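Engineer: Below is the sequence, then the predicted model.
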Amino acid sequence: MAMVSEILGQLSLNIGAHEPTFPTVVPFKDFDPDKDAARIETAIKTKGVDEQTIIDVLTKRTYSQRTDIAFAYERRAKKDMVSALKGALSGSLESVILGLMKSTAQYDASLIRGSIKGAGTDEETLIEVLCSRSNSELVEIKKVYTELFKKDLEKDVAGDTSGNFAKLLLALVQTKRAEPSSVVDYEKIDEDAKALYEAGVKIKGTNVPVWISIMSERSVPHLKKVFERYKNYSPYDMQESIVKEVKGDLQKSFLVLVKCFENKQLYFASLLNEAMKSKGAKEKVVTRIIVSRCEVDLKKICSEYKTNFGESLQKTILEHTKGDYQKVLLGLCGPEE
């Protein structure tokens with residue numbers, strides 16, 4: 001089984017290798033999958049279920065380590081660990097723990113599938129995932145989506161959305177974004193900034209296809225410079241221009257893109273702050289962000305949170321959540337830095 005773990009570990013290291021990661025969940029030292037599997041089995045069999053042990057073990061192991069534990073559990077108990085956890089847990093804790101038993105790409109693919117399956121579309125989730133993931137993350141999500149659901153992500157998105165909103169999401173799913181370059185092309189930066197201005201604020205109406213192609217095909221470092229340069233042409237910055245020029249889901253999508261190009265971790269920190277402090281904390285949003293980012297950049301999200309909202313994310317979780325849900329979130333965030 002160690003072999004499987006090594007392969008999975010390498011895979012996760014190679015995905016988006018050019019993007020530094022800031023995980024809060026890192027490989028557990030002195031890892032012993034058999035010992036962990038025994039602890040999980042005992043915790044599930046305990047009268048009333050020992051949730052604390054399940055939280056302690058699974059929030060402190062990476063996905064590849066959890067996979068090893070699941071193999072060891074199946075050898076011991078002769079049953080599937082995910083099914084056993086599903087039977088033993090409920091509510092918000094169950095959502096988090098079952099989310100942790102998926103890889104980051106599997107979890108993201110499941111979020112997208114959940115947002116477009118059945119009657120009506122959960123645009124909020126669809127926009128958040130597709131507009132905030134890097135090109136390399138989206139490449140992996142597409143592959144995993146086909147493996148898990150035997151469906152094509154592009155076709156599913158096209159079948160569930162319409163108009164310019166659909167065109168933007170499809171452009172992102174097609175993963176044509178350029179890789180960051182060590183050469184800064186000032187001429188191209190100026191050209192793109194001018195094109196964004198001339199396709200929007202300068203004219204009556206908006207030439208949306210121009211915005212879509214620039215925002216879905218240029219590298220992130222290039223776009224950051226484009227938005228800076230844009231201020232030389234437009235009396236409004238890019239976010240203000242989006243609000244003035246387009247409406248509805250298209251506006252929301254462009255705003256998420258621009259916020260993520262400018263500072264992705266601040267975007268997630270703001271979403272968490274809003275979700276935690278809204279009436280009846282929006283647990284779905286909190287779960288989605290913390291589970292999907294704990295092995296990616298949650299450490300940096302925590303740091304942006306503290307800088308921008310004056311208290312730590314951990315303190316906010318203590319104030320706005322309770323019980324096992326609070327414990328599992330704190331387990332994934334790790335100690336305050």
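Structural biologist: It's in.
Engineer: how does the chain divide into domains?
Structural biologist: Annotated domains of the chain cover 2-100, 104-173, 186-246, 266-333 [automatic domain parsing].
Engineer: what would these look like in JSON lines with distance to Glu179 and mean neighbour count?
Structural biologist: Any C-beta I mention is one placed from the backbone N, CA and C, and that applies to glycine too. Output for these, formatted as JSON lines (distance: least, C-beta to C-beta, whole Å; neighbours: other C-beta atoms under 10 Å):
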{"stretch": "domain 2-100", "distance to Glu179": "7", "mean neighbour count": "17"}
{"stretch": "domain 104-173", "distance to Glu179": "8", "mean neighbour count": "18"}
{"stretch": "domain 186-246", "distance to Glu179": "6", "mean neighbour count": "17"}
{"stretch": "domain 266-333", "distance to Glu179": "19", "mean neighbour count": "19"}
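Engineer: any idea which of these scores lowest on pLDDT?
Structural biologist: Comparing mean pLDDT across the domains of the chain, the weakest is domain 2-100, with a mean of 87.
Engineer: Please state the offset of that one from the chain centre?
Structural biologist: 19 Å (C-alpha atoms, centre = their mean, to the nearest Å).
Engineer: cool, and stretch 157-168?
Structural biologist: For stretch 157-168, the distance to the chain centre is 21 Å (C-alpha atoms, centre = their mean).
Engineer: again, but for stretch 205-220
Structural biologist: Chain-centre distance of stretch 205-220: 22 Å, with C-alpha atoms, centre = their mean.
Engineer: Pull that stretch out as CSV, backbone CA atoms only.
Structural biologist: Output in CSV follows, covering the C-alpha atoms of stretch 205-220 (Å, rounded to 0.1, in the frame of the first residue of the first chain):
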residue,chain,number,x,y,z
GLY,A,205,-23.1,48.0,-24.3
THR,A,206,-20.3,45.5,-23.8
ASN,A,207,-18.4,43.4,-26.2
VAL,A,208,-18.4,40.4,-23.8
PRO,A,209,-16.5,38.0,-26.1
VAL,A,210,-13.4,40.2,-25.9
TRP,A,211,-13.5,40.2,-22.1
ILE,A,212,-14.0,36.4,-22.1
SER,A,213,-11.1,35.7,-24.3
ILE,A,214,-8.7,38.0,-22.4
MET,A,215,-9.7,36.7,-19.0
SER,A,216,-9.8,33.0,-19.9
GLU,A,217,-6.6,32.9,-22.0
ARG,A,218,-4.0,35.1,-20.4
SER,A,219,-1.7,34.0,-17.6
VAL,A,220,-2.5,35.3,-14.1
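Engineer: Quick one: residues in contact with it.
Structural biologist: Contact partners of stretch 205-220, identified using C-beta atoms under 8 Å, 6 or more residues apart in numbering, comprise 134, 164, 167-168, 171-172, 174, 176-181, 192, 195-196, 198-200, 223, 226, 245-246, 250, 254, 257-258, 261.
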